[in-house]
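Peer 1: The sequence and its predicted three-dimensional model are supplied below.
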Amino acid sequence: MEITSPQFKQNSRRAMQDPNLQKAMGYVRTGFIERRRIAVEGLPEFDRLRDSARDIKNHTLAHLDLYLEAYETKVRGAGGEVHYAETAADARDLILGICQRTGARTVTKGKSMVSEEIELNDHLEANGIQPIETDLGEYIIQLRGEPPSHLIAPAVHLTKEQVEADFRRVHTHLPADRDLSEPTTLLAEARAILRERFLASDVGITGANFLIAETGTSVIVTNEGNGDLSQLLPKVHIVLATIEKITPTLEDVSQILRVLARSGTGQDLSVYTTFSTGPRRPGDPDGPEEYHVVILDNGRSSMLGSDFQDMLRCIRCGACMNHCPVYQEVGGHSYGSVYAGPMGAVLTPSLAGIDKAGHLPNASTFCGRCESVCPMHIPLPKMMRHWREREFERHLSPKTVRWGLGVWAFVARHPRLYRLATKLAIGTLYKFGKLKGRFRRVPFAGGWTRHRDLPAPQGKTFHELLAERKRAA
Amino acid sequence: MSARDAILSRIRTSLGATAGDAGRRAIVISRLDNAPRGVIPARGQLPTEERIALFSAMAEKVSASVSRVATDDALPEAVATFLRDTNLPAAIRMGNDPRLRGLPWYRVPQLAIAFGPSDGSDMVTLSHAVAGVAETGTLVLTSGPDNPSTLNFLPDTHIVAVRAAEIAGDYESAWGVIRARYGKGEMPRTVNLITGPSRSADIEQTLLLGAHGPRRVHIVIVG
Ligand code: SF4
């Protein structure tokens, strides 16, 4: 997608005035957070599992070249093919090549953020191949020509009335007077339409949550079963995954699985966790005849050894965005990039370049909630800070610098956003020595700088302190 | 340079590593060979009957239904009873799995049985799991000549038999079962961990069962 991150402020203003979006985002504020809390509290070992998951990823990243080689050997041994792509364009062409060689006309797709990152659908369509998204949320946004607004709930920004309108607009072969007033009827309609698509599809494309070096296995985690039908029914299965999805063993995957769904949807485990190793075996009555894995780098190898290496531990659970007060207010599309929320604010500049997205790290209240819920212990606020510091170090044009502050000021000026950031790390903000003087020009920050002698360790926001003082008075 | 070599060499440069470093290689080989276990939740580490009870409770929590029979031979009647009780047609499809095929299906003559993979027109299918996992109420199914994967995803209702003795406490124990059968480092083409019926919450976060896979999962514990 075209990155519109530079318009974050305009995008956000529009989002905050959009009643549909605000209604839809209300479900994020309540649903995800409460469900995660219950799931996490239900597993006493959760924190130890987080440490374990972090250590596994750190170990893997430190030996990534060797695990990739081991993985590749196992895939080939199971009769699969491994292709490497350095860039998004390379991956698109590799996949198109496989589709063309097999004479594919339609492609069913499981949910894959990497395929959004490389804009695969546009490329297939431009070459006469029809890609069909089959995850319900992805299907809806494909009908609307929109990118996903959330890692695991791509249509979370929409109301059911909007979905109904889209189904009526596109599914014109169905009776106009049918009842589509409830999510159940919408789901039933999508299920019936997509079932035909699955059965007629030539190639299935899925992402992967993990690639297992021990066994040469790709793993997908879904609730709907669409990823399974995508990879099971067509003659050809293509897995599109990035290098950091490599995980050493089945045991290691099991550790991470225990924190993945709990952090994201608040389930103990997603409904379908599917391990695929190579194509159909002799005597198998079903399954794909060809199995391809396209392993994409697209900038990640350069993140290794850098300030942003920790970001490569991300398992795309979505917890950081669910708990982010800025994301909750402005929705995923305001970020103007495939990856939204705190993880997007760190990853987008790493992948697309700081000049295109470098101000996204300012779309934050630095409340620290994202890091506290991240199952992989990714220090998201610290990395956003790294990006901010880099903006200054690189002496980007004064306009850009002002611009970054403009985004911060935008966040700071919206009391609702600011209050939602309950545990604002005032101490952290003081570290921005270079910025400090400028805060005085921000209307809201007037109140802030007057209270700069507040003891930072309390870690309370201005609003909280104000409330306390009122109570005391 | 091929894309593969370019990526691998960039990774090594970023990590400050060299291709021939025997020490790094030994670390990787050791982890792959030994597959160390990490943190195993205490939740599933229970005596047999309590483990089975936890498995059932966790499966029901995610909207699967569970029944239990004492012996393999009782499975056909359990299947027929479930279909009658839920007003489903007396017709199922299953693979050629010897654990199922050899059962006394003649005892339920009203039940029509088809064999082989599904083309999407079956209301009800029957599979046999290789294991259950108590910690999350999860079924472990493997593909193979006698076990089509389509049976797991295309029907409206999926009935799965699992032996009581094969209900493990944790995923790691299930991997032990797979390794014993296929060899260390080897996998069947597909291993499906299935935890309840298909669902989606993509529209306004409303949880609905039966997105693309089965709307209903019924587990019969045998033994
Ligand atoms: S950064 Fe952490 S919380 Fe956010 S999606 Fe990645 S793993 Fe989940």
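Peer 2: Perfect, thanks for sending it. Numbering: from 1, shown residues only, chains lettered A, B, ... in the order given.
Peer 1: how deep is A:Gly42 tucked in, by neighbour count?
Peer 2: 12 (other CB atoms under 10 Å in any protein chain shown). Heads up, the C-betas are built off the backbone N, CA and C, glycines and all.
Peer 1: An error on my part: the question was meant for A:Asp310.
Peer 2: The burial count for A:Asp310: 22, using other CB under 10 Å.
Peer 1: A:Thr242 against A:Val293, yeah?
Peer 2: No: using CB atoms under 8 Å, A:Thr242 is not in contact with A:Val293, being 11.2 Å away.
Peer 1: Which residues are in contact with residue 6?
Peer 2: Just so you know, I chose chain A. Going by CB atoms under 8 Å, 6 or more residues apart in numbering or on different chains, A:Pro6 touches A:336, A:356-357, A:359, A:403.
Peer 1: right idea, wrong chain: chain B
Peer 2: Neighbour list for B:Ala6: A:Glu86 [criterion: CB under 8 Å, 6+ apart].
Peer 1: A:His83 - that's part of a helix, no?
Peer 2: No: looking at A:His83 with DSSP: H, G, I helix; E, B strand; the rest coil, it is strand, so not inside a helix.
Peer 1: Who does it form a beta bridge with?
Peer 2: Going by DSSP bridges, A:His83 is paired in beta bridges with A:Val294.
Peer 1: Tell me where the model's unsure across chain A.
Peer 2: A:1-2, A:358, A:392-473 (pLDDT under 70).
Peer 1: The residue of chain B found nearest chain A - nearest residue in space that isn't next to it in sequence?
Peer 2: Proximity of chain B to chain A (CB to the nearest CB) peaks at B:Gly213, 2.8 Å away. Among residues not flanking B:Gly213 along the chain, A:Gly225 sits closest, at 2.8 Å (CB to CB, 6 or more residues apart in numbering or on different chains).
Peer 1: The one you found: neighbour count?
Peer 2: Applying other CB under 10 Å, we find 28 residues neighbouring A:Gly225.
Peer 1: Show the contacting residues for it.
Peer 2: A:271-272, B:153, B:198, B:211-214.
Peer 1: A:Gly287 now?
Peer 2: A:232, A:279-281, B:143, B:149, B:189-190.
Peer 1: buried residues in stretch A:364-381?
Peer 2: Neighbour counts over stretch A:364-381 (16 or more other CB atoms under 10 Å in any protein chain shown) mark A:364-371, A:373-381 as buried.
Peer 1: what do you get for stretch B:165-183?
Peer 2: B:166-175, B:178-179, B:182.
Peer 1: same check, this time on stretch A:162-179
Peer 2: A:162-164, A:166-167, A:171.
Peer 1: now the contacts of A:Gly225 in TSV, with secondary structure and neighbour count?
Peer 2: Formatted as TSV, the contacts of A:Gly225 follow (DSSP: H, G, I helix; E, B strand; the rest coil; neighbours: other CB atoms under 10 Å in any protein chain shown):
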residue	secondary structure	neighbour count
A:Val271	coil	29
A:Tyr272	strand	24
B:Phe153	helix	28
B:Ser198	coil	26
B:Ala211	coil	27
B:His212	coil	28
B:Gly213	coil	27
B:Pro214	coil	28
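Peer 1: Save the residues you listed as TSV, and put in distance to A:Ala352 too.
Peer 2: Formatted as TSV, the contacts of A:Gly225 follow (distance: CB to CB, whole Å):
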residue	distance to A:Ala352
A:Val271	33
A:Tyr272	32
B:Phe153	37
B:Ser198	35
B:Ala211	33
B:His212	33
B:Gly213	36
B:Pro214	41
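Peer 1: Pick out the residue nearest the middle of the chain.
Peer 2: Since you didn't name a chain, this refers to chain A. Nearest to the mean C-alpha position of chain A, by CA atoms, centre = their mean, lies A:Leu151 at 3.3 Å.
Peer 1: think we crossed wires, I meant chain B
Peer 2: Judging by CA atoms, centre = their mean, chain B has its centre closest to B:Val140, at 2.2 Å.
Peer 1: List the contacts of the helix or strand hosting that residue.
Peer 2: Per DSSP states H and E, B:Val140 falls inside strand B:138-142. By CB under 8 Å, 6+ apart, the residues outside strand B:138-142 that reach it are A:269, B:58, B:127-133, B:147, B:149, B:152, B:160, B:162, B:171, B:174, B:177-178, B:188, B:190-195, B:217, B:219.
Peer 1: Burial check on the closest residue to B:Glu172 other than its chain neighbours, number of neighbours?
Peer 2: Using CB to CB, 6+ apart and skipping the chain neighbours, the partner closest in space to B:Glu172 is B:Arg37 (5.3 Å). Neighbours of B:Arg37 under the rule other CB under 10 Å: 16.
Peer 1: where does B:Arg37 land in three-state SS?
Peer 2: Quick answer, by three-state DSSP: B:Arg37 is coil.
Peer 1: Is the residue of chain B closest to chain A in contact with A:Glu224, as I believe?
Peer 2: Yes: using CB under 8 Å, B:Gly213 is in contact with A:Glu224, at 6.8 Å.
Peer 1: about what we covered before: for the residue nearest to the centre of chain A, grab phi and psi.
Peer 2: In terms of degrees, to the nearest 10, the main-chain angles of A:Leu151 are phi -60, psi -40.
Peer 1: can you tell me which residues contact it?
Peer 2: A:113, A:264, A:316-318, A:321, A:339-341, A:343.
Peer 1: For those, pick the one with the most neighbours.
Peer 2: Busiest of the contacts of A:Leu151 [other CB under 10 Å] is A:Ala340, holding 31 neighbours.
Peer 1: Which residues of chain A lie near the ligand?
Peer 2: With CB under 6 Å from any ligand atom as the criterion, chain A meets the ligand at residues A:151, A:263, A:314-320, A:343, A:374-376, A:378, A:380.
Peer 1: which of these lies closest to A:Asn58?
Peer 2: A:Met376 (9.5 Å; CB to CB).
Peer 1: Look at the nearest residue to that closest one once chain neighbours are set aside and say how many residues are nearby.
Peer 2: Distance criterion CB to CB, 6+ apart; nearest residue to A:Met376, sequence neighbours excluded, is A:Arg313 at 4.2 Å. The tally of other residues near A:Arg313 (other CB under 10 Å) stands at 21.
Peer 1: For A:Arg313, give me phi and psi.
Peer 2: Residue torsions, per degrees, to the nearest 10, at A:Arg313 are phi -80, psi -10.
Peer 1: and it, what is it in contact with?
Peer 2: With CB under 8 Å, 6+ apart, A:Arg313 has these contacts: A:54, A:57-58, A:61, A:244, A:376-378.
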